[in-house]
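In: Following is a predicted model, sequence given first.
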Amino acid sequence: MSTIPEGHTLFVVDIEYTVPMEQIQAVIEPHMAFVRNAYAEGRFIASGAKVPRTGGVIVMTAPSLEDAQAYLAADPFVTENVASYSYTQFMPSNLHPALK
């Protein structure tokens, strides 16, 4: 079974914190619960904090940009308005064998 479902493409989601770190910390646990669920559903391939910690990055799969945006609209970072998200969609031409 492929990591990328048929009809899906990949997205690199760049997350920028828009509030001080103290406000981010208050939302980390609900955000991480959302992230764990996204992995369980097979939507996320990789994710983590930026260095330096000004936000994060998600690599995810979705059938469309609209679907990716709608899914991430439920992320507590979005619902609590503590971060902004930008999306880069790409169709991989090469994949590590572990991702095939």
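Out: Right, received. Where do you want to start?

In: mind listing the helices in this protein by residue range?
Out: Taking DSSP state H as the test, the helices found in the chain are 21-25, 28-40, 65-72, 76-79.

In: Can you tell me which of the ones you listed is packed in deepest?
Out: Among these, helix 76-79 has the highest mean neighbour count (mean count of other Cβ atoms under 10 Å), at a mean of 18. In short, each C-beta sits where N, CA and C put it, glycine included.

In: any idea of the mean pLDDT for that one?
Out: The average pLDDT within helix 76-79 is 98.

In: If you count contacts, what does it end up packed against?
Out: Packing contacts for helix 76-79, counted by 3 or more Cβ pairs under 8 Å, 6 or more residues apart in numbering; DSSP states H and E, involve helix 28-40, strand 83-90.

In: want to throw the helices of the chain into CSV with distance to Ser86?
Out: Below are the helices of the chain laid out as CSV (distance: least, Cβ to Cβ, whole Å):
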stretch, distance to Ser86
helix 21-25, 17
helix 28-40, 17
helix 65-72, 10
helix 76-79, 12
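
In: Thank you kindly, that will do.
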